[in-house]
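> Test case, fold it:
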Amino acid sequence: MINNSIELQQLPEDDLVQHYLAGNQLAFTTLNKRFNDYVDDQLQRRGVRNPEDRHDLEQTIWVVVDQNIKHGKYTEEGNFKGYLYRLTERIGVSFIRQKSRRKIDRYEYTQIENLRRRLLDYGVTDKQLEWCIDHLGVKPRHIIREHFFEEKSFHEIADEMHEPLGTITSAASRAYETLHEMIVNKYLTKNILPTMQQTDRFR
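Residues are numbered from 1 along each chain as shown. Predicted structure coming up:
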């Protein structure tokens with residue numbers, strides 16, 4: 001067993017894997033040092049900008065590498081770097097998706113809340129507002145009912161609908177704009193509710 005770090009540094013990755021399986025912890029440390037900057041760079045390329053987030057993800061990645069080697073799940077002889085690339089991509093992309101799901105665009109959220117308050121100030125009855133909402137598409141109609149009448153947060157609605165948070169807020173923004181246009185242009189300015197034919201274009 002080679003216990004000299006300088007000698008280990010000269011070995012190819014698969015030899016280091018075999019030395020680690022034989023009980024040489026220094027071999028795994030050598031793999032880590034050889035590729036940690038590469039893993040960090042790949043995480044940055046996938047949009048993980050925060051150094052603390054990258055540090056946590058790097059630890060997770062190397063724990064997975066360690067477990068895969070120990071349990072015989074590393075089967076890519078001669079392609080350790082490719083294996084590490086795919087693992088980093090999977091974990092990095094998963095992190096970004098989860099993070100984006102929990103983040104609301106502040107500008108979009110402000111716009112939505114402004115439109116929501118305007119609807120409350122219009123003085124239309126619930127029945128009249130319901131009539132307009134009924135002429136939205138299925139998804140925006142559901143989102144508006146949950147947000148406007150049930151007062152649920154966009155996080156709650158996203159979880160219930162199994163949709164990314166950004167998808168829900170974008171749909172809500174378009175739906176509120178549509179309601180605003182329908183009520184102002186077709187109802188308040190003429191003091192009548194729009195006909196079915198007039199609202200077809202809002203679906």
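> need the helices for the protein, in chain order.
5-9, 13-21, 25-45, 51-70, 80-101, 106-121, 126-133, 138-144, 154-161, 165-183, 196-199 (DSSP state H).
> Name the stretch among those helices that sits most buried.
helix 165-183 (a mean of 19; mean count of other Cβ atoms under 10 Å). To be clear about C-beta, it is placed using only N, CA and C from the backbone, and glycine gets the same treatment.
> Which strands and helices lie in contact with that helix?
helix 80-101, helix 106-121, helix 126-133, helix 138-144, helix 154-161 (3 or more Cβ pairs under 8 Å, 6 or more residues apart in numbering; DSSP states H and E).
> Dump the ones you listed into a markdown table; add distance to residue 184 and mean pLDDT as well.
Below are the helices and strands packed on helix 165-183 laid out as a markdown table (distance: least, Cβ to Cβ, whole Å; pLDDT from 0 to 100):
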| stretch | distance to residue 184 | mean pLDDT |
| --- | --- | --- |
| helix 80-101 | 33 | 84 |
| helix 106-121 | 9 | 73 |
| helix 126-133 | 11 | 81 |
| helix 138-144 | 16 | 90 |
| helix 154-161 | 24 | 84 |
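> now these as CSV including distance to residue 22?
Putting the helices and strands packed on helix 165-183 into CSV (distance: least, Cβ to Cβ, whole Å) gives the following:
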stretch, distance to residue 22
helix 80-101, 17
helix 106-121, 54
helix 126-133, 68
helix 138-144, 57
helix 154-161, 47
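> among these, which is nearest residue 34?
Comparing the helices and strands packed on helix 165-183 against residue 34 with Cβ to Cβ, the closest turns out to be helix 80-101 (9.4 Å).
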